[in-house]
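Participant: Okay, sequence plus prediction incoming.
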Amino acid sequence: MNVHTLNGLQLMKMMASGEIPAPNIAELIPMLDGEANRGKMNLRVRADERHYNPQEIVHGGFAATVLDTTMACAIQTLLGPGCGLCTIDLDIKYFKAIPTNKDLFAKGSVSEVTRQIGFARGELVDQAGNIYAASSTSCMLLDK
């Protein structure tokens, strides 16, 4: 299968379901499974001791990476075959320390897409809806 012939929603749905492999970053930062819909992407993620900073607290880069990923994937769901994107900026606010060995959910949704830039927001939450981090991004849209 040539993934370059799939539109963004098809690509994200297949990746979320495991039909095609996730990018290599998902091995380093466990993005376990997810759900893709038009303009939305949700990922189940789990930090562990590999993600500790020197104070043995999950490094903020964990949340930044999963939120950057889920927001970019949400934008990707609106793009055509062979189109991509790259992050221009990422704003993140942390509310609680990220727990280890607990499922969290990174939720991304598109705010707006213009001809050249996509905007999205995201949250990292637990099963009960407690917010650990919130973010926003803008991404440059890339043609084939």
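Facilitator: In hand now; what should we look at? Here the structure is a predicted model, which means the values were calculated and not measured.

Participant: going forward, measure contacts between C-alpha atoms and count neighbours the same way
Facilitator: OK.

Participant: lowest-pLDDT helix or strand in the chain?
Facilitator: Taking mean pLDDT, DSSP states H and E as the measure, the chain has helix 25-28 as its least confident helix or strand, at a mean of 88.

Participant: what's that one packed up against?
Facilitator: Judged by 3 or more CA pairs under 8 Å, 6 or more residues apart in numbering; DSSP states H and E, helix 25-28 has no packing partners among the helices and strands.

Participant: Start at 47, not 1
Facilitator: Sure, I'll start counting at 47 from here, so that last one is helix 71-74.

Participant: Same question for it: list its buried residues.
Facilitator: Neighbour counts over helix 71-74 (16 or more other CA atoms under 10 Å) mark residue 72 as buried.

Participant: ditto for stretch 171-189
Facilitator: By neighbour count on 16+ other CA under 10 Å, the buried set for stretch 171-189 is 171-172, 177-187.

Participant: In this protein, mark out all the strands, start to finish.
Facilitator: According to DSSP state E, the chain carries its strands in the segments 77-83, 86-91, 130-140, 150-159, 163-171, 177-188.
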